[in-house]
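J.: Predicted model, plus sequence, below.
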Amino acid sequence: MESGGALDQLDPQLLEALQLDGRTPFSRLARRLDVSERTVARRYQRLRSLGLRIVGQPVPDRLGLVRWLLRLRCTPDAAGTIADALARRPDTTWVTLASGGTELYCALNTRSADERNALLLRKLPRTPHVLSVSAHCMMRIYVGTTSTWHATRFRPAAPAVDSGAVAGRSGPLTGGFRYPTVPSGSSAASATPLTLDATDRVLFAELARDGRATLPELARAAGRSPSSVQRHLDRLRTEGALSLSVDFDPELLGYHMATQLWLNVAPAHLRTVGETLATHPAIAFAAAITGPSNLVASGVFRTPADLYDYIDGHIGPLPGIQSIETAPTLREVKRLAPALP
């Protein structure tokens, strides 16, 4: 159906194809989906009117950035104001309100100990109505390298793309595009940080606004030729420094239960559990972190009953799970906002 508010089968198929590579030309998408290029263009514009965004994001590890998760407990009357203040910071990528409106989660990237300490040791402890602050360094990200923890997760009724053949992986596509050359947690991801030049930084800034910006548009912004821009893009992507994320409201696909999962896992089983969660379609993000809970994940579910079934049938049987805490998301204050390198 081309009009109206309801999504049909083609819409999630198009979203899935875009997650393989958000910059894929409409002509190639049309061939994959077995529809006309005009149909793809119309559907894409319609999804954009419903909030679809494709955004280029820096991969923190490859650029020498350290990714942190902050967990703040606030008085109920101040949580919204504090969340808005955190969302205005250029170093935060994601801010959400949870747990009855008294708890905030915030993801940020830092370049140095000074940047980290300015916020954690000086700014937040002096903020009125902040009752407690815990900071968790993300040691290993199993899925969602640059995710804002709200990647689109769905199972189309009839997938139009063989994800294993296209992206070198099996099973249904279940998250934002991650360039397959440098998977999350690989040795390449922890290699010497990639050095950026002025053109690279312009490209990051432009792609943060629109991940599908055309080569001529990027060339004008960078003051370089399209061929030069293409070489820079190829380098950033093959080096694993640039990721394209697809952001679309899961509620429009029938997913109304976004939840943060905090797990305490026996150290001997941490890697196994993290890598297993990364294969679950419900999980948009999973990372090993410092702190009492050593693994955090973000899940998107249709209903509370689906969340229960997931915990009972998928989390419960995993080895080494010692405890789990769930925190449903009440409101997303900021999401998919790259902290530029």
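T.: On my side now, so go ahead.
J.: going forward, measure contacts and count neighbours with C-alpha atoms only.
T.: Will do.
J.: how about the helices in the stretch 201-341 of the chain?
T.: 215-222, 226-238, 270-277, 304-310 (DSSP state H, counting those that start in this stretch).
J.: Next, format those as TSV and append distance to Tyr255 and mean pLDDT.
T.: Output for the helices of the stretch 201-341 of the chain, formatted as TSV (distance: least, C-alpha to C-alpha, whole Å; pLDDT from 0 to 100):
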stretch	distance to Tyr255	mean pLDDT
helix 215-222	35	97
helix 226-238	31	96
helix 270-277	18	97
helix 304-310	10	96
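J.: Single out the most deeply packed of the ones you listed.
T.: Comparing these by mean neighbour count (mean count of other C-alpha atoms under 10 Å), helix 270-277 comes out on top with a mean of 19.
J.: For stretch 31-51, list every residue counted as buried.
T.: The neighbour-count check on stretch 31-51 (16 or more other C-alpha atoms under 10 Å) flags 33, 37, 40-41, 43-44, 46-47 as buried.
J.: so what's the residue in the chain sticking out farthest from the centre up against?
T.: Centroid-distance maximum for the chain: Ser225 at 30.8 Å, with C-alpha atoms, centre = their mean. Residues in contact with Ser225 (C-alpha atoms under 8 Å, 6 or more residues apart in numbering) are Ala219.
J.: circling back to that earlier point, closest to Trp68 out of the helices of the stretch 201-341 of the chain?
T.: Closest approach to Trp68 among the helices of the stretch 201-341 of the chain (C-alpha to C-alpha): helix 270-277, 17.4 Å.
J.: So what's the residue count around Phe26?
T.: 17 (other C-alpha atoms under 10 Å).
J.: Let me fix that, I meant to ask about Glu239.
T.: For Glu239, the count of nearby residues is 18 (other C-alpha under 10 Å).
J.: ok, now the one 5 residues further on?
T.: One way to gauge burial is a neighbour count; for Leu244, by other C-alpha under 10 Å, it gives 29.
J.: Might one say that it is in contact with Arg212?
T.: No. Judged on C-alpha atoms under 8 Å, Leu244 makes no contact with Arg212 at a distance of 9.2 Å.
J.: can you tell me which of the buried residues of stretch 31-51 are in strands?
T.: Using DSSP state E, no member of those sits in strands.
J.: From these, which land in helices?
T.: If you go by DSSP state H, these have 33, 37, 40-41, 43-44, 46-47 in helices.
J.: residues in contact with the helix or strand hosting Arg28?
T.: For Arg28, the element it lies in under DSSP states H and E is helix 26-33. Under the contact criterion C-alpha under 8 Å, 6+ apart, helix 26-33 has outside partners 13-14, 17, 36-37, 39-41, 160-161.
J.: Identify the farthest-apart pair in these.
T.: The largest separation in these, counting by C-alpha to C-alpha, is between Ala41 and Val161 at 18.0 Å.
J.: intersection of neighbour lists for Leu244 and Arg212?
T.: Shared contacts of Leu244 and Arg212, defined by C-alpha under 8 Å, 6+ apart, are found at 22, 54-55.
J.: end to end, how far does stretch 280-297 reach?
T.: End-to-end distance of stretch 280-297: 11 Å, with C-alpha to C-alpha, to the nearest Å as the criterion.
J.: got the buried residues for it?
T.: Within stretch 280-297, the residues that count as buried by 16+ other C-alpha under 10 Å are 280-290, 293-297.
J.: now, which of these lie within strands?
T.: Per DSSP E, strands hold the following members of those: 283-289, 295-297.
J.: and which of these is nearest Ala118?
T.: Nearest member of those to Ala118, counting by C-alpha to C-alpha, is Ile289, at 20.8 Å.
J.: Okay, angle between the one helix or strand Ala17 maps to and helix 26-33 too, please.
T.: Using DSSP H and E, the element containing Ala17 is helix 10-20. Calculated by axes from the mean of the first three to the mean of the last three C-alpha atoms, to 10 degrees, helix 10-20 forms an angle of 120 degrees with helix 26-33.
J.: Now do helix 10-20, average pLDDT.
T.: Averaging pLDDT along helix 10-20 gives 90.
J.: Equivalent analysis for stretch 103-123, please.
T.: Mean per-residue pLDDT for stretch 103-123: 85.
J.: which residues touch that stretch?
T.: Contacts of stretch 103-123 (C-alpha under 8 Å, 6+ apart): 60, 64-74, 79, 83, 86, 91-98, 135, 148, 339.
J.: Please report how far Thr290 lies from His136.
T.: From Thr290 over to His136 the distance is 5 Å, taken as C-alpha to C-alpha.
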